[in-house]
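[1] Below are the sequence and a predicted model for it; my questions follow.
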Amino acid sequence: MVKLSENKHPQEDFYTQKAPLPSKLVIPLVQHTGISPVLKVNKKDNVQAGSLLARAESLICANVHSPCQGVVEDITQYNHPVLKKSQAVIIKTSKSDYDFSLKHNLDNLSKDDLLEAIRDAGIVGLGGAAFPTHVKLKPLKKIDVLIINGCECEPYLTCDYRMMVEHTDSILKGIEILARVLEVKQVFIGIEDNKSEAVKRFNSKLHTRNYSLPQVRVKVLNSLYPQGAEKQLIYSLARRKVPAGGLPLDIGCVVHNVATCFSVYEAVFLGKPLIERIVTFAGSALKESKNLWVKVGTLVSELFLKEALEFKTEPRKVIFGGPMMGVAVDSLDWPIIKGTSGVLFLSEKDVDLGQEKSCIKCARCVDTCPMGLIPLELARLAKKSLWTSLEEFFISDCIECGSCSYVCPAKIPIVHYVKLGKQKLREKTAKPKA
């Protein structure tokens with residue numbers, strides 16, 4: 001693991017604000033890992049806040065809802081921060097009000113009722129992978145440990161921290177639901193040591209004993225990168241190692257992000273689908289960094305038109321996500337999706353434009369790799385188009401954290417080569433199936 005410049009100040013100290021209602025929303029149908037849901041609206045349809053736009057009719061899939069009242073203006077291909085292009089529903093907005101009041105008493109709900117509420121609300125993991133939460137809550141193996149990820153180890157991002165500070169009680173109620181569904185014996189809440197206020201809030205709330213939880217432990221971890229990666233977090237908290245090519249459920253663990261827990265709470269207690277989230281907007285090109293409650297489908301350009309954000313200087317690079325694992329985009333006309341934790345606006349001084357040089361065999365990438373891989377060999381094989389040889393070096397176990405590229409003195413974009421290698425291997429396996 002590596003120690004990075006955090007750059008979380010001053011946005012970590014600011015309370016979240018509500019972003020203004022945009023004039024239109026661009027809502028991609030695919031905002032999760034898995035199959036695309038089936039479209040359930042047509043052009044010119046009127047929709048309300050919470051109206052179903054697309055239904056999950058496959059196992060690994062998630063529902064998509066309208067975040068506000070409006071009219072379906074178009075259904076077309078549009079920019080997507082992960083897929084580059086995706087079919088999207090464009091809604092001309094008219095009203096942002098919604099009424100999601102208390103719907104359920106937890107004591108009256110069965111395990112199946114809870115799963116149904118979570119599935120219907122279209123909840124996905126909000127830590128990055130956006131895997132459908134209801135699928136993760138139906139593991140095929142016995143789970144005895146639930147791990148809650150409150151690390152937020154990427155620089156600049158503070159949306160999870162503000163969530164933990166401002167909505168501690170709701171997160172704990174969400175954890176209560178998850179623990180009940182999974183029937184676990186132990187819960188770990190992992191929070192990095194640079195988030196002391198969040199640690200205090202959780203410990204204070206847990207001491208009231210107002211939650212029906214199994215054994216719970218808030219564990220403070222060193223603020224290192226990528227501490228919040230699933231496999232690293234499991235080892236740090238539960239001292240269990242996920243086998244190569246395996247999943248957390250293979251060792252009896254399930255990991256959920258704190259923001260996911262909050263969304264689970266809203267789905268079960270309020271009947272509210274996942275239609276908005278906290279997003280960090282930061283970087284030296286902004287006049288003021290901040291955390292905003294943003295409706296899913298909001299174009300970044302709309303936030304500047306509505307003066308929710310202002311530039312201090314022209315950005316050299318715009319990144320969806322954090323600087324280590326995020327994706328650079330070429331304009332502001334990209335929509336916020338369920339998995340968007342932040343949007344960074346970096347000026348010239350923050351962007352390293354160094355040219356790639358020859359590898360000097362220093363092995364820093366090997367020393368840094370949290371998965372114990374040999375990144376320099378993966379890059380070498382990818383450069384030579386030796387795609388099948390990549391499997392011998394466990395390329396599928398790479399989590400693409402970017403630590404290797406960060407420490408490389410030769411400025412080799414190792415993660416780029418890894419992604420290319422994975423793509424080529426997928427294409428090779430897909431051809432025989434076709």
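    Yep, it's here.
[2] Every contact and neighbour count from this point should use C-alpha atoms.
    Will do.
[3] thought residue 176 was touching residue 210?
    No - at 10.5 Å, residue 176 does not count as touching residue 210 under the criterion of CA atoms under 8 Å.
[4] Now do the same contact list for residue 285.
    By CA atoms under 8 Å, 6 or more residues apart in numbering, residue 285 lies in contact with 311, 312, 313, 314, 315, 345, 346, 347.
[5] before we move on, the earlier item: between residue 176 and residue 210, which is the more surrounded one?
    Comparing residue 176 with residue 210 by neighbour count (other CA atoms under 10 Å), the higher total belongs to residue 176, at 20 against 11.
[6] mind checking the backbone torsions on the more buried one?
    phi -60, psi -40 (degrees, to the nearest 10).
[7] how about the nearest residue to it, chain neighbours excluded?
    Setting aside the residues directly before and after it, residue 176 is nearest to residue 213 in space (CA to CA, 6 or more residues apart in numbering), at 5.7 Å.
[8] burial of the one you found, as a residue count?
    Neighbour number of residue 213 under other CA under 10 Å is 21.
[9] list the contacts for it?
    Listed by CA under 8 Å, 6+ apart, the contact set of residue 213 reads 176, 179, 180.
[10] What of residue 21?
    Counting by CA under 8 Å, 6+ apart, residue 21 touches 93, 95, 96.
[11] Would you mind measuring from residue 352 to residue 411?
    Summarising the geometry, the distance separating residue 352 from residue 411, computed by CA to CA, to the nearest Å, is 9 Å.
[12] do the same with residue 185
    From residue 185 over to residue 411 (counting by CA to CA), the distance is 46 Å.
[13] Between those two, point out the one with more neighbours.
    Relative neighbour count places residue 411 above the other of residue 185 and residue 411, with 18 against 15, counting by other CA under 10 Å.
[14] And the residue nearest the centre of this structure?
    In the chain, the centroid-proximal residue (CA atoms, centre = their mean) is residue 128; its distance is 2.3 Å.
[15] quick check, it in a helix?
    No - when classified by DSSP: H, G, I helix; E, B strand; the rest coil, residue 128 is found to be coil rather than part of a helix.
[16] Setting aside sequence neighbours, what's the nearest residue to it?
    Nearest in space to residue 128, with sequence neighbours left out and distances taken as CA to CA, 6+ apart, is residue 339 at 5.6 Å.
[17] Now for the one you found, how many residues are close by?
    Residue 339 has 23 neighbouring residues, counting by other CA under 10 Å.
[18] Kindly report the same for residue 122.
    The burial count assigned to residue 122 is 29, neighbours taken as other CA under 10 Å.
[19] Who are the contact partners of it?
    Taking CA under 8 Å, 6+ apart as the criterion, residue 122 is in contact with 62, 63, 64, 65, 132, 273, 274.
[20] now, the most widely separated pair of the residues you listed?
    65 and 132 (14.5 Å; CA to CA).
[21] What segments of the stretch 101-250 of the chain are helices?
    Ranges of helices within the stretch 101-250 of the chain are 111-120, 133-136, 159-166, 168-182, 196-206, 230-238, based on DSSP state H, counting those that start in this stretch.
[22] so which of those helices comes closest to residue 33?
    Evaluated over the helices of the stretch 101-250 of the chain, closeness to residue 33 peaks at helix 133-136, with 10.5 Å, by CA to CA.
[23] Distance from the closest one to the middle of the chain?
    Mean-position distance between helix 133-136 and its chain equals 15 Å (CA atoms, centre = their mean, to the nearest Å).
[24] Just the buried positions in the helix or strand hosting residue 72, please.
    With secondary structure defined by DSSP states H and E, residue 72 is part of strand 69-80. By neighbour count with 16 or more other CA atoms under 10 Å, strand 69-80 contains the buried residues 69, 70, 71, 72, 73, 74, 75, 78, 79, 80.
[25] Give the residue farthest from the middle of the chain.
    residue 360 (34.7 Å).
[26] Now that residue. Nearest residue, chain neighbours left out?
    Counting by CA to CA, 6+ apart, the nearest residue to residue 360 once its immediate chain neighbours are dropped is residue 410, at 7.2 Å.
[27] which ones are touching the one you found?
    Counting by CA under 8 Å, 6+ apart, residue 410 makes contact with 356, 357, 358, 359, 360.
[28] can you tell me the helix or strand for the last one?
    Read it as residue 360. Counting by DSSP H and E, residue 360 is part of no helix or strand.
[29] Could you report the distance from it to residue 47?
    58 Å.
[30] go on, the second one?
    The spacing between residue 357 and residue 47, counted by CA to CA, is 54 Å.
[31] just residue 309 next, same as before
    Separation of residue 309 from residue 47 (CA to CA) stands at 28 Å.
[32] Strands along the stretch 1-150 of the chain, start to end?
    According to DSSP state E, counting those that start in this stretch, the stretch 1-150 of the chain carries its strands in the segments 17-18, 24-28, 38-39, 46-47, 52-55, 64-65, 69-80, 84-95, 145-150.
[33] now the ones you listed as TSV including mean pLDDT and distance to residue 109?
    Below are the strands of the stretch 1-150 of the chain laid out as TSV (pLDDT from 0 to 100; distance: least, CA to CA, whole Å):
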stretch	mean pLDDT	distance to residue 109
strand 17-18	96	32
strand 24-28	97	31
strand 38-39	97	28
strand 46-47	96	29
strand 52-55	98	23
strand 64-65	98	24
strand 69-80	97	30
strand 84-95	94	32
strand 145-150	98	20
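[34] gap between residue 37 and residue 180?
    Counting by CA to CA, the gap between residue 37 and residue 180 amounts to 28 Å.
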